[in-house]
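K.L.:
Quick one, structure for this:
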Amino acid sequence: MSDGLLNQRFAALADPTRRAILARLSTGEMTVNELAEPFAMSLPAISRHLKVLEKSGLISRSRTAQRRPARFEPEAIKAVADWIEQYRLFWEGSFDRLDNYLLEIKATSDGE
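P.N.:
Numbers count the residues shown, from 1 in each chain. So this is what the prediction gives:
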C-alpha cells in the first residue's frame, strides 16, 4: 500500500464521527439518511464525512435509482491492520528481549 493511501486512511480514521460511521456500516450498507440518524449534524456534514471515507477506500458507494447506499470495505481496514501488525511484532520482540535481559541480570545478582 502506498504511503499516500495509508496516510489518507489514518486521517479518515482519526475522526470519531467517521469511525462511528464505519461501525454502523459494518452491519450492512446504509444511505446518508440512515447514517445520519444518531448524529446531531446536517446531511451535508455526513456527506462530507462519507466523501473522506470513500476517497480513502474505507467505503464504497453505489447508485440504485435515487438511492446511493454506502458500503464498508473491510479489505481497506485489513491493510491498515497489517501495517500496524508489523510494529506490534517489533514491540513484542523488543519486550521479549528486555525480559530475557532482566532475567539474566536477576540471575547474575542472585548468584553473587
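K.L.:
Which helix or strand contains Gly28?
P.N.:
Under the criterion DSSP states H and E, no helix or strand holds Gly28.
K.L.:
Next up, phi/psi of it, please.
P.N.:
Here the main-chain torsion angles of Gly28 (degrees, to the nearest 10) amount to phi 150, psi 170.
K.L.:
Tell me, how many residues neighbour it?
P.N.:
Neighbourhood size, Gly28 [other Cβ atoms under 10 Å]: 10. (Each C-beta comes from the backbone N, C-alpha and C, glycine too.)
K.L.:
Could you list the low-pLDDT ranges of this structure?
P.N.:
1, 111-112 (pLDDT under 70).
K.L.:
residues of the top helix by length along the chain that come out buried?
P.N.:
The longest helix of the chain (DSSP state H) is helix 74-111. Buried residues in helix 74-111, counted by 16 or more other Cβ atoms under 10 Å: 76-77, 79-80.
K.L.:
same question, stretch 22-34
P.N.:
Buried, per 16+ other Cβ under 10 Å, within stretch 22-34: 22, 24-25, 29-30, 32.
K.L.:
Check stretch 43-52 too.
P.N.:
46, 49-50, 52.
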